[in-house]
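**Student:** Okay, sequence plus prediction incoming.
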Amino acid sequence: MSTNNYEPRIVVFACNWCSYAAIDLAGTSRKLYPPNVRVIRVMCSGRVDPQFVLEAFKNGADGVIVAGCRPPSDCHYINGNIKALRRFTLFKRLLEELGIEKERFRLEWISAAEADKWVRVVNEMLEELRRLGPLKAEAVSV
Amino acid sequence: MNNRPKVAFYWCASCGGCEEAVVDLAEKIIDVVSLVDIVFWPVAMDYKLSDVEALPDNSITVSFINGGIRLSEHEKVVRLLRQKSKLVVAYGACACWGGIPGLANQYSREEILERVYLTTPTTANPEKIMPPQDGYAKLGDVKIEVPTFLPELKPLDEVIDVDYYIPGCPPTPEVTWNAINVLLSGKLPDKGTVIGASNRSLCDECPLNKTKPENVLIKEFKRVVNYSPRADTCLLAQGLPCLGPVTRGGCGALCVKANMPCTGCFGPLENIHDYGGKALSFLASILDYENEEEIKREISKLPDVSGLIYKYTLPKSLLKNLLRSVRK
């Protein structure tokens, strides 16, 4: 793929109760957001194992978003979002150590009413990923 | 000639601990030697590579290979052993997943050579002599063939087909003995099986497991350099990043019995896809803070996250291809 027609691929893990509802709201409100996202609905951001994010990068995602309910207390399961916050704070540190650009991963809190925030987050990330170029995780071999 | 099974041992990029582990069988090594013929073991016996080349294909019953593949010579010898062996066993953490030398996959070949031969504080190399990368060295007027340093370290099964895995850094004598018995029993398990160790987590056999709270929560990550753990309480509950919950058992919790947290040398449990990802997941989730700043503060105290969670498995991680594109 040449960089001229490079279209970043963003995998999104969105929690069922807040963030997925916000994405749904963006759709039903006829808001426009780029088609580069692949949204995966999970029951809770606390269910998103860092292994899933690694798997997404391995299989060609240029960026990954984990989206959940606003902390501290919006989580449908009381504290799943807090577990996600702990995990992905450490995960960001790992990416930094390994030399993977921090812009490629975002942990975002998007409540069910925040369709605008969803659109903004996706557009921001897309712009950053266009600037960074592809991650090239799949094809490189030695 | 006799009909005893033929066995070969070989070491690649390893520290020699795995070789020690075989000798650590102590008196049992005599039983092993009486049951098998050792046809190749560079560390302990005087056989040459040409002796192996002279053997018919598939004539070695089992080759135990330790260490990761880092030099062209390793590649050459393990390919030969594969051709001559009915079974190949990856012996020890390095052969299974890359081990500690595999952490160097975060850096390019050039960065590693420069660090080792030029810039470490203890290096004195005023003439800047570097290992030749064309496969030849000059010794006076004579050109001799030398191995080249490969672009990255690979676990054994990324170079040749591997039948069984014996985990550990190094595998304990018990694990080695169990595995040898499995191989000699004639009832071979499915290809790809981890033999000799347990299928349950280290916590399951840890003597401190009964003191592990149902819901472990800690206020800070402690380090053994500045904290002396109590010997009567689960190390994880005391704040030491013990990787027992995600690590395969079978070692008898040797490190924990010596007041050291598990660093994961027996590798992932069966259902874990990426050892480091899983280790990261459980370690972070026990940090008892709900505020991002406090969480960041505690995490910033960990000196080396990749070295903690991928100590033995980085070359097998889901990030392995990614590392190829990010290192210079």
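**Tutor:** Good, I have the coordinates. Predicted model only: the values in this text are computed from it and were never measured.

**Student:** The one residue in the stretch 101-250 of chain B that gets nearest to chain A: what secondary structure?
**Tutor:** Distances between the stretch 101-250 of chain B and chain A by Cβ to the nearest Cβ are smallest at residue B:151, namely 4.5 Å. The way it works is simple: take the backbone N, C-alpha and C, and place the C-beta from them, glycine included. Of the three states, residue B:151 takes strand under DSSP: H, G, I helix; E, B strand; the rest coil.

**Student:** got the phi/psi numbers for residue 40?
**Tutor:** Let's take chain A. Residue A:40 has phi and psi values of phi -110, psi 120 when expressed as degrees, to the nearest 10.

**Student:** nope, chain B please
**Tutor:** With angles defined as degrees, to the nearest 10, residue B:40 sits at phi -160, psi 120.

**Student:** Which parts of chain A are helices?
**Tutor:** A:19-28, A:50-58, A:80-98, A:115-132 (DSSP state H).

**Student:** Which positions in chain A make contact with chain B?
**Tutor:** For chain A, the residues in contact with chain B under the definition Cβ under 8 Å from any Cβ of the partner chain are A:49-51, A:53-55, A:57-58, A:71-72, A:79, A:82-83, A:85-91, A:93-94, A:97-100, A:135-142.

**Student:** Please report how far the nearest residue to residue A:88 once chain neighbours are set aside lies from residue A:86.
**Tutor:** Residue nearest to residue A:88 in three dimensions, not counting chain neighbours: residue A:107, with 4.4 Å by Cβ to Cβ, 6 or more residues apart in numbering or on different chains. With distances taken as Cβ to Cβ, to the nearest Å, residue A:107 is found 11 Å from residue A:86.

**Student:** Neighbour count: these two, which is higher?
**Tutor:** Set residue A:107 next to residue A:86 and count neighbours by other Cβ atoms under 10 Å in any protein chain shown: residue A:86 wins out with 25 against 22.

**Student:** ok, the residue lying closest to residue B:253 once chain neighbours are set aside - contacts?
**Tutor:** In space, and not counting its chain neighbours, residue B:253 is closest to residue B:206: 4.3 Å by Cβ to Cβ, 6+ apart. Taking Cβ atoms under 8 Å, 6 or more residues apart in numbering or on different chains as the definition of contact, the neighbours of residue B:206 are B:234, B:244, B:253, B:256.

**Student:** Residue B:100 now?
**Tutor:** Per Cβ under 8 Å, 6+ apart, neighbours of residue B:100: B:15, B:93-94, B:169, B:311-312.

**Student:** swap the cut-off to 7 Å and go again
**Tutor:** Residue B:100 makes contact with B:311-312 under the criterion Cβ atoms under 7 Å, 6 or more residues apart in numbering or on different chains.

**Student:** Find me the pLDDT at it, would you?
**Tutor:** Per-residue confidence for residue B:100 comes out at a pLDDT of 97.

**Student:** for residue A:3, same thing?
**Tutor:** Looking at residue A:3, its pLDDT stands at 53.

**Student:** what separates residue A:91 from residue B:326, distance-wise?
**Tutor:** According to Cβ to Cβ, residue A:91 and residue B:326 sit 16 Å apart.

**Student:** In terms of neighbours, single out the busier of these two.
**Tutor:** residue A:91 (24 against 17).

**Student:** so what's residue 118 up against?
**Tutor:** Here I'm looking at chain A. With Cβ under 7 Å, 6+ apart as the criterion, the residues that contact residue A:118 are A:22-23, A:26, A:33, A:110.

**Student:** nope, chain B please
**Tutor:** Neighbouring residues of residue B:118 by Cβ under 7 Å, 6+ apart: B:125, B:128.

**Student:** quick one: it is in a helix?
**Tutor:** Yes: counting by three-state DSSP, residue B:118 falls inside a helix.

**Student:** Could you measure from it over to residue B:128?
**Tutor:** On the measure of Cβ to Cβ, residue B:118 and residue B:128 end up 6 Å apart.

**Student:** dump the residue contacts of residue A:71.
**Tutor:** Counting by Cβ under 7 Å, 6+ apart, residue A:71 touches A:81-82, A:85, A:109, B:290.

**Student:** Tell me which two of these sit farthest apart.
**Tutor:** In those, the most distant members under the criterion Cβ to Cβ are A:109 and B:290, with 13.1 Å between them.

**Student:** Thought residue B:102 was touching residue B:68, still the case?
**Tutor:** Yes: under the contact definition of Cβ atoms under 7 Å, residue B:68 touches residue B:102, with a separation of 5.8 Å.

**Student:** separation between the residue nearest the centre of chain B and residue B:170?
**Tutor:** Central residue of chain B (Cα atoms, centre = their mean): residue B:93, 1.9 Å from the mean position. In this view, residue B:93 and residue B:170 are 8 Å apart by Cβ to Cβ.

**Student:** ok, residue B:255 - contacts?
**Tutor:** Under the criterion of Cβ under 7 Å, 6+ apart, the contact partners of residue B:255 comprise B:261-262.

**Student:** ditto for residue B:164
**Tutor:** Each residue near residue B:164 by Cβ under 7 Å, 6+ apart is listed here: B:87, B:89, B:193, B:195.

**Student:** By neighbours, which of those residues wins?
**Tutor:** Neighbour counts for those were taken using other Cβ under 10 Å; the highest belongs to residue B:89, which has 26 neighbours.
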